[in-house]
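1. just coords:
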């Protein structure tokens, strides 16, 4: 059995979990998420606690046991608290702005780059060099943040570009001096 898969998942009071065979639906103040679990794994709800069980002791079932538990836990945390990623825009003249449901980026191209919000994800721009992406689905928030970062990833010489707030850019030394 998986060590992670054995751990129970406590459901907060303001969240509701509905299990229908292999489907699980979690509803809370931040939204609603649903998932279908694999046939090698089963889920039960007892007294506000979700348990994930293996159907057999195969290697694949063990791996799916831990994975399923982690995914269900992320669903519960997501609808209760939500997830967020913070991005930072570095560079002279580089800035971000919110226009309606779109994120408008000026990041050194000859044109502005516009990124539209997707359902379930919200974009906030508290400052011209800071972007906050939030939502209940951890995978969707991380994927959207990665796509925004990919528009202009940070470069190693001057550190210009879009990076995560907690990311460290390893800087390279530029060209060595001229003639001797």
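-> Nice, I can see it. Keep in mind that this is a model prediction, so the values were computed, not measured.
2. ok, residue 42 to residue 70 distance?
-> Between residue 42 and residue 70 the computed distance is 16 Å (Cβ to Cβ, to the nearest Å). Where C-beta positions appear, they are placed from N, C-alpha and C, glycine not excepted.
3. If you could redo that for residue 176, that was the one I meant.
-> Applying Cβ to Cβ to residue 176 and residue 70 gives a distance of 48 Å.
4. For these two, indicate the residue with more neighbours.
-> Each of residue 176 and residue 70 has its neighbours counted (other Cβ atoms under 10 Å); residue 70 has more, 17 against 5.
5. can you pull the buried residues of the helix or strand where that one lies?
-> Taking DSSP states H and E as the criterion, residue 70 maps to helix 59-80. For helix 59-80, a neighbour-count test (16 or more other Cβ atoms under 10 Å) marks 61-62, 64-80 as buried.
6. before we move on, what about stretch 137-154?
-> Neighbour counts over stretch 137-154 (16+ other Cβ under 10 Å) mark 137, 138, 140, 141, 144, 145, 148, 149, 152, 154 as buried.
7. Hmm, the fourth one is touching residue 87, no?
-> Spelled out, that is residue 141. No. Using Cβ atoms under 8 Å as the test, residue 141 is too far from residue 87 to be in contact (11.4 Å).
8. shared neighbours of these two, anything?
-> residue 133 (Cβ atoms under 8 Å, 6 or more residues apart in numbering).
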